[in-house]
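K.L.:
Just need the structure, nothing else, for what follows:
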Amino acid sequence: MSYWLLKTEPEDYSWDDLIKEKETVWEGVKAPKALSNIQKMEPGDLAFIYHTGKERAIVGIAEIISYPYRDAQESGLVFKVVPVKPLSQRVTLSEIKASQQFNDWDLVKLQRLSVVPVTPEQWHSIINWR
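P.N.:
Purely as a prediction, here's the structure:
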C-alpha cells in the first residue's frame with residue numbers, strides 16, 4: 001500500500017463534497033510530476049485530502065478505489081476515491097513546517113504539486129499528530 005496527499009481548492013471541491021457524494025473521480029491534474037505520481041496509484045492506497053487556499057490543512061483521509069485511467073473528458077489521468085474519515089484534528093501547513101520533521105516532504109518543498117507522495121513515517125506522524 002502507498003500513501004498520497006491530494007490537494008483541492010475547497011471552494012471548488014471540498015472534503016464535505018466528497019462526504020456528500022460518497023465517491024468521486026479525481027480529475028483536473030495537469031502537471032507532469034503529479035501525473036507521474038498518479039500513475040503509481042493502486043486501489044487500496046490511502047490519501048490525505050488537503051485543502052489549499054486560505055485553509056492550507058490536511059482535513060481527511062480517502063481511499064483510492066481504481067487504477068488511474070484516461071477519461072474522454074480529461075487530457076490527463078483520473079482515478080476514483082471514496083472518503084474514509086475526517087482527521088480528528090486538522091493539521092495545517094504552518095504546523096507541518098514548524099515541526100521541522102517534514103522539511104524533505106514534497107508538500108513543503110514543492111508547494112504547487114497537487115498529488116504528493118507520503119512516506120509511511122510521514123503518514124503515521126500526521127495520523128498521530130499532537
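K.L.:
count of neighbours near L93?
P.N.:
Burial measure for L93: 18 neighbouring residues, criterion other C-beta atoms under 10 Å. Using the backbone N, CA and C atoms, a C-beta is placed for each residue, glycine as well.
K.L.:
Leaving out the residues flanking it, which one is nearest to it?
P.N.:
Of all residues not flanking L93 in the chain, R56 sits nearest, at 4.1 Å (C-beta to C-beta, 6 or more residues apart in numbering).
K.L.:
same question, L107
P.N.:
V116 (5.1 Å).
K.L.:
Which helix or strand contains that neighbour?
P.N.:
Using DSSP states H and E, V116 sits within strand 115-118.
K.L.:
how about that strand: buried residues?
P.N.:
Across strand 115-118, burial judged by 16 or more other C-beta atoms under 10 Å covers V115, V116, P117, V118.
K.L.:
Verify the stated contact: the last one with I49.
P.N.:
No. With contact defined as C-beta atoms under 8 Å, V118 does not count as touching I49 (12.0 Å).
K.L.:
need the longest strand for the protein.
P.N.:
strand 77-92 (DSSP state E).
K.L.:
From the contact counts, what lies against the strand or helix carrying L5?
P.N.:
Taking DSSP H and E as the definition, one finds L5 inside strand 3-8. With contacts defined as 3 or more C-beta pairs under 8 Å, 6 or more residues apart in numbering; DSSP states H and E, the packing partners of strand 3-8 are strand 46-51, strand 57-64, strand 115-118, helix 120-127.
K.L.:
hang on, the earlier thing: doesn't R90 make contact with the residue nearest to L93?
P.N.:
No. Taking contacts as C-beta under 8 Å, R56 lies outside contact range of R90: 9.7 Å.
K.L.:
Nearest spatial neighbour of A62, chain-adjacent residues omitted?
P.N.:
V81 (4.4 Å).
K.L.:
which stretches of this protein aren't confidently modelled?
P.N.:
Flagging of the chain using pLDDT under 70 yields the residue ranges 74.
K.L.:
repeat that with 80
P.N.:
72-75, 130 (pLDDT under 80).
K.L.:
now the helix or strand that the strand holding L5 is followed by, how far from the centre of its chain.
P.N.:
Per DSSP H and E, the first helix or strand lying C-terminal to strand 3-8 is helix 15-21. On the basis of C-alpha atoms, centre = their mean, to the nearest Å, helix 15-21 sits 14 Å off its chain's mean C-alpha point.
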